[in-house]
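*Asks:* Return a 3D structure for these sequence lines:
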Amino acid sequence: MPDSSQTPGFKVKTVIVDAGHGGFRAGASGAYSVEKNVTLQIAFKLQKAIEKELNDVKVVMTRTTDEDILWQKRATIANENKGDLFVSIHCNSLADRVTTVKGKRVRVPNRSGKGVLLLVYGFHRTKEEEKAIKETRFEDDDEMNAAFDPNDPAALILLNEYKRKYRKQSIRFANLLSDEFSNDGRRIEGIREQGVLVLCRSAMPAVLVETGYINNPDEEEYLNSEAGQNEIVASIVKAIRNFKKEVEN
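*Replies:* Down below sits the predicted model:
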């Protein structure tokens, strides 16, 4: 049987780069930096690297300033620009540990987190993805070329095929990212399913990249350094290139 992650004639023409958080939603924080600033710095570097190394690929940024963009708007930007791949950049952190000192419960910062975590949307959020696919993809499909009709068996088959394809492609892209980060020396925490709304509302393969633990002093230094950000970007670009080759094969 043919690989359902591949579609004849399919091209990765537009990549959506999403810098997590922004505005008053600063996200995770370290000793001297916050997630919203680090993610925007990495996103700008990623945009430039993709445009330089994959010159047939257009990059659309969900934000380019410190503005707080709600997740609904981010997904809308991705869908309206007919994205073929969605990459959301974030920084991780660990909650404080709760321990007992002299009979009192106290919070102790947990700075032990290290490495890259990759997230894909969970199956329990498929209704949101269905809605995004119906609103975004059906009008572009040569076989349908119409609005979604829930009473049309062909439409239901096509909807399910889109869902299977995007899920398979999301997991495949996450695996490619994992391989590249690992090859470049980063610790990998794995690939997990979570109900991340910005992922399941984007009608395309989508992965959220937790680039590192900003509340770990060593990781914070790495995430804020030119060398660290360039390494992160290089890993992502290599994964995009490999993904592009696979799906366009």
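*Asks:* hang on, R192 packs against Y121?
*Replies:* No: contact status for R192 versus Y121: not in contact, 10.5 Å apart, counting by CB atoms under 8 Å. All C-beta atoms are positioned from the backbone trio N, CA, C, and that covers glycine.
*Asks:* and the two? which has more neighbours close in?
*Replies:* Y121 (25 against 14; other CB atoms under 10 Å).
*Asks:* low-scoring stretches of the protein, by residue?
*Replies:* Within the chain, the ranges that satisfy pLDDT under 70 run 1-9, 123-163.
*Asks:* And the strands in it?
*Replies:* Taking DSSP state E, the strands of the chain run over residues 14-19, 58-61, 85-92, 97-101, 104-108, 116-121, 188-194, 206-213.
*Asks:* Could you list every helix and strand that the fifth one packs against?
*Replies:* Okay, so that is strand 104-108. If you count contacts as 3 or more CB pairs under 8 Å, 6 or more residues apart in numbering; DSSP states H and E, strand 104-108 packs onto strand 97-101.
*Asks:* Same question for the third one.
*Replies:* Using 3+ CB pairs under 8 Å, 6+ apart as the contact definition, the elements that strand 85-92 packs against are strand 14-19, helix 35-53, helix 197-200, strand 206-213, helix 226-247.
*Asks:* try 7 Å this time
*Replies:* If contacts are counted by 3 or more CB pairs under 7 Å, 6 or more residues apart in numbering; DSSP states H and E, strand 85-92 sits against strand 14-19, helix 35-53, strand 206-213, helix 226-247.
*Asks:* Export the strands of the chain as a markdown table, with columns for distance to F173.
*Replies:* A markdown table is the format used below for the strands of the chain (distance: least, CB to CB, whole Å):
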| stretch | distance to F173 |
| --- | --- |
| strand 14-19 | 11 |
| strand 58-61 | 16 |
| strand 85-92 | 7 |
| strand 97-101 | 34 |
| strand 104-108 | 37 |
| strand 116-121 | 9 |
| strand 188-194 | 10 |
| strand 206-213 | 5 |
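*Asks:* Which among those is found nearest to V34?
*Replies:* strand 85-92 (8.6 Å; CB to CB).
*Asks:* Quick check: which of the strands of the chain is nearest to K245?
*Replies:* strand 85-92 (12.9 Å).
*Asks:* and that closest one, which strands flank it?
*Replies:* strand 14-19 (parallel), strand 206-213 (parallel) (DSSP bridges).
*Asks:* Distance from that strand to the middle of the chain?
*Replies:* Mean C-alpha position of strand 85-92 versus that of the full chain (CA atoms, centre = their mean, to the nearest Å) differs by 4 Å.
*Asks:* do the same with stretch 17-26
*Replies:* When C-alpha coordinates are averaged (CA atoms, centre = their mean), stretch 17-26 and its chain have centres 13 Å apart.
*Asks:* List of residues touching it?
*Replies:* Stretch 17-26 has contacts (CB atoms under 7 Å, 6 or more residues apart in numbering) with 27, 34-36, 39-40, 43, 46-47, 59, 61-63, 66-69, 74, 86-90, 198.
*Asks:* Now list the buried members of these.
*Replies:* Buried residues within these, counting neighbours by 16 or more other CB atoms under 10 Å: 27, 34-36, 39-40, 43, 46-47, 59, 61-63, 69, 74, 86-90, 198.
*Asks:* List phi and psi for the closest residue to N215 other than its chain neighbours.
*Replies:* Leaving out its chain neighbours, the residue that sits closest to N215 by CB to CB, 6 or more residues apart in numbering is S93, at 4.2 Å. Torsion angles at S93 (phi, psi; degrees, to the nearest 10) stand at phi -160, psi 160.
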